[in-house]
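J.: Sequence and predicted structure, then a few things I'm wondering about:
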Amino acid sequence: METLVGQRAAHLQTVVAELRSATTDLRRSQQELEQRERELREEAVIVELLQEVGSVLAAELNLDALVQHAVDAATRLAGARRSAPSSTTSWARPGSRTCFT
């Protein structure tokens with residue numbers, strides 16, 4: 001009888017150790033999934049922005065507006081809050097003093 005109890009106790013200890021290991025693995029997997037989900041959300045935002053910008057740029061005929069849209073999109077992708085005009089000469093129009101950066 002004592003042998004049977006000892007065997008059952010040993011078996012239960014093994015099962016508990018396996019469950020702890022499985023729990024640790026599940027937590028790690030959950031953390032990895034949560035991280036990947038965050039990454040996919042960020043990528044989805046970028047893809048949506050690129051689609052939006054592509055549509056706007058394809059339809060834009062005004063070069064200054066086109067450059068501004070491109071700079072605004074790059075600014076959003078870079079995570080900046082806003083773009084600021086620079087006093088360098090614009091390549092868009094000879095003699096122009098506004099270049100959006």
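T.: Nice, thanks for sending it over. Residues are numbered from 1 along each chain as shown.

J.: In the protein, where is pLDDT below threshold?
T.: Along the chain, segments meeting pLDDT under 70 span 80-101.

J.: biggest helix in this protein by residues?
T.: The single longest helix within the chain, with elements called by DSSP state H, is helix 2-59.

J.: Toward the C-terminus, what is the element adjacent to it?
T.: Heading C-terminal from helix 2-59, the first helix or strand you meet, by DSSP states H and E, is helix 63-78.

J.: roughly how far out does that next one sit from the chain middle?
T.: 20 Å (Cα atoms, centre = their mean, to the nearest Å).

J.: That helix: which residues count as buried?
T.: Neighbour-count burial for helix 63-78, counted by 16 or more other Cβ atoms under 10 Å, picks out 66, 67, 68, 69, 71, 72, 73, 75, 76. Bear in mind the C-beta positions are built from the backbone N, C-alpha and C, glycine included.

J.: which helices and strands sit right next to the longest helix of the chain?
T.: helix 63-78 (3 or more Cβ pairs under 8 Å, 6 or more residues apart in numbering; DSSP states H and E).

J.: what's the helix it packs on packed up against?
T.: helix 2-59, strand 99-100.

J.: at 6 Å what do you get?
T.: helix 2-59 (3 or more Cβ pairs under 6 Å, 6 or more residues apart in numbering; DSSP states H and E).

J.: how far off helix 63-78 does the helix it packs on point, in degrees?
T.: 170 degrees (axes from the mean of the first three to the mean of the last three Cα atoms, to 10 degrees).

J.: how far out from the middle of the chain is helix 2-59?
T.: The answer for helix 2-59 is 17 Å, by Cα atoms, centre = their mean.

J.: and residue 70, how far is that from residue 54?
T.: According to Cβ to Cβ, to the nearest Å, residue 70 and residue 54 sit 11 Å apart.

J.: actually residue 78, sorry about that
T.: 18 Å.
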